[in-house]
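Colleague: got a sequence here, can you build the structure:
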Amino acid sequence: MFSRHIKKELVYQCPVYQTFKRAKHSLFDYVFRFYNRQRIHSSINYLTPFEMESQAL
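Modeller: All right, here's what the predicted structure looks like:
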């Protein structure tokens with residue numbers, strides 16, 4: 001399911017990446033800045049992964 005979200009929310013919305021380095025940077029940015037900190041997940045009570053991890057600590 002995770003790869004489906006990346007494709008739908010990032011890859012299909014962007015033009016073709018010019019280099020592998022740009023694609024890698026874009027994916028890293030998506031995962032660490034958006035997916036883990038802003039995108040809520042129903043499987044963890046509609047919290048972000050960052051919020052869930054903070055509560056666990």
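
Colleague: the closest residue to Ile44 other than its chain neighbours: what's it in contact with?
Modeller: Of all residues beyond its chain neighbours, the one nearest Ile44 is Met52 (4.6 Å), with distances taken as Cβ to Cβ, 6 or more residues apart in numbering. All C-beta spots, glycine's among them, are computed from the backbone N, C-alpha and C. The neighbours of Met52, taking Cβ atoms under 8 Å, 6 or more residues apart in numbering as the test, are 41, 44-45.

Colleague: from the residues you listed, pick the one nearest Leu57.
Modeller: Of all these, the one with the least separation from Leu57 (Cβ to Cβ) is Ile44, at 14.6 Å.

Colleague: what is the neighbour count of the closest one?
Modeller: 13 (other Cβ atoms under 10 Å).

Colleague: over to Tyr35?
Modeller: If you count neighbours by other Cβ under 10 Å, Tyr35 ends up with 20.

Colleague: is it true that Glu9 touches Tyr30?
Modeller: Yes - between Glu9 and Tyr30 there is a contact at 7.4 Å, judged by Cβ atoms under 8 Å.

Colleague: who has more neighbours, the two?
Modeller: Neighbours per residue, other Cβ under 10 Å: of Glu9 and Tyr30, the larger number sits with Tyr30, 18 against 13.

Colleague: show me what contacts the more buried one?
Modeller: By Cβ under 8 Å, 6+ apart, the residues touching Tyr30 are 6, 9-10.

Colleague: state which helix of this protein is the longest.
Modeller: Looking across the chain with DSSP state H, the single longest helix is helix 20-29.

Colleague: now do that helix: distance to the chain's middle.
Modeller: 12 Å (Cα atoms, centre = their mean, to the nearest Å).

Colleague: mind checking what helix or strand follows it in sequence?
Modeller: Remark: after helix 20-29, the chain's next helix or strand is helix 49-56, criterion DSSP states H and E.
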